[in-house]
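Q: for reference, the sequence and a predicted model appear below.
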Amino acid sequence: MKPESAIVFGGASGLGEATARKLVEAGHKVVVADLNEEKGVELVSEIGGTFAKADVTDEESVREAIAEAAGPGAGGTSDGLRICVNCAGVGAAGRIVQKGNPAPLDGYKWAININLIGTINVLSQAAAAMVGNEPDDDGQRGVCINTASIAAYDGQIGQTAYAASKGGVVGLTLPAARDLSRAAQGPGLRGPGFTATLRRLATAMATHVIYKLGPFTVPAFAGERHVRVYLPSEQPEGDPLPVLYIFDGQNIFHDDPSAAGGWYLHHAAHDLHAEGKLAPVIVGIDHGGADRIHELSPFPFEDSRGDADHLIDWLVDELVPRIHREFPVRRDVAGT
């Protein structure tokens, strides 16, 4: 992998620190940007790279940090900034009504200003630095990664401010990608390449990458469901992987949303790789709640309508083609 210039905002701790470590480990020149100067300096003295003190809510502060990463000096390379990962964020706890009183707006302003406005600030300035880059061998000028949260989709009690801010990040990212696909048009630059680059970088930086697709509506059944897809980070370059489809998939990876606990199949798949075996892509399909007995029964009996054909039709006609389009999986019967 060719060394690239990268900047990680919120890089002195937590997810940002882990990301910075992985990027340095992969050979990239990394600027760790954070408000916490003590932790940031300590980190780069350990792993290498450059520290830049930055406040994501301040335009000039972010501009200076990005200039450090984009320039040919200690923080960057002559090719300009190519990777920006935005992990800067805060948690904010508090209920809508607190002891009979409406929640103070200060907590909401604080969370939204850092988590959402800060993300917009970093994204827009990083993208502006990248659009002038020469396309690389894949026709790409750079990649920006925003960090959201499951709270954007399934926030818990006391998470209203945090969930609202992260929901804003989710709502921002897709139209921003579409904006940039037009703003950065040039020879060899294609929209689908953005997704491919993002997926390659994400799998390189994480041991377990799990995508949440949906919500889906299955004809003949009430309600919506999601599909979770585990993509092994150790996949052979360019080789499609076998794929395993599993029903009752809502807790095959994590505890939520099932009260029965998670199976953590992605850990088992990772262990397969450690043993020198090929790990599959795992597709977990949520069940239909009260309709579960009907959708998993191929024939009617006392407690079931026997509607499994409807679920199989949806699987074959909608889900499997989407998995084939978006993930590097085998399409033959033996590999499925």
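A: All right, it came through fine.
Q: tell me the contacts of the residue nearest to residue 95 when sequence neighbours are not counted?
A: In space, residue 95 comes closest to residue 158 once its chain neighbours are excluded; the distance is 5.6 Å by Cβ to Cβ, 6 or more residues apart in numbering. In short, each C-beta sits where N, CA and C put it, glycine included. By Cβ atoms under 8 Å, 6 or more residues apart in numbering, the contact list for residue 158 reads 93, 94, 95.
Q: now, among these, which is nearest to residue 323?
A: Out of those, the one with the shortest distance to residue 323 is residue 93. That distance is 37.3 Å, counting by Cβ to Cβ.
Q: count of neighbours near the closest one?
A: One way to gauge burial is a neighbour count; for residue 93, by other Cβ atoms under 10 Å, it gives 13.
Q: pLDDT score for the closest residue in space to it that isn't next to it in sequence?
A: Counting by Cβ to Cβ, 6+ apart, residue 158 is the residue found nearest to residue 93 once chain neighbours are left out, at 4.8 Å. On pLDDT, residue 158 comes in at 81.
Q: how about residue 111?
A: Model confidence at residue 111, expressed as pLDDT, equals 91.
Q: pretty sure it contacts residue 90?
A: Yes - applying Cβ atoms under 8 Å, one finds residue 111 in contact with residue 90, separated by 6.1 Å.
Q: looking at these two, which is more packed in?
A: residue 111 (24 against 14).
Q: how about residue 45, phi and psi?
A: Comment: the main-chain dihedrals of residue 45 come out as phi -70, psi -20, following degrees, to the nearest 10.
Q: which residue, other than its chain neighbours, is closest to residue 226?
A: In space, not counting the residues next to it along the chain, residue 226 is nearest to residue 214; the distance is 3.9 Å by Cβ to Cβ, 6+ apart.
Q: what helix or strand is the one you found on?
A: Taking DSSP states H and E as the definition, one finds residue 214 inside strand 208-216.
Q: picking that back up, helices - which of the contacts of residue 158 land there?
A: Judged by DSSP state H, the contacts of residue 158 include no members of helices.
Q: which of those residues sits closest to residue 263?
A: residue 93 (29.9 Å).
Q: find me the pLDDT at that closest one, would you?
A: With respect to pLDDT, residue 93 scores 76.
Q: was I right about it contacting residue 157?
A: No - between residue 93 and residue 157 there is no contact under Cβ under 8 Å: 9.5 Å.
Q: coming back round to it: can you tell me how far the residue nearest to residue 93 is from residue 320?
A: 39 Å (Cβ to Cβ, to the nearest Å).
Q: alright, I will stop here.
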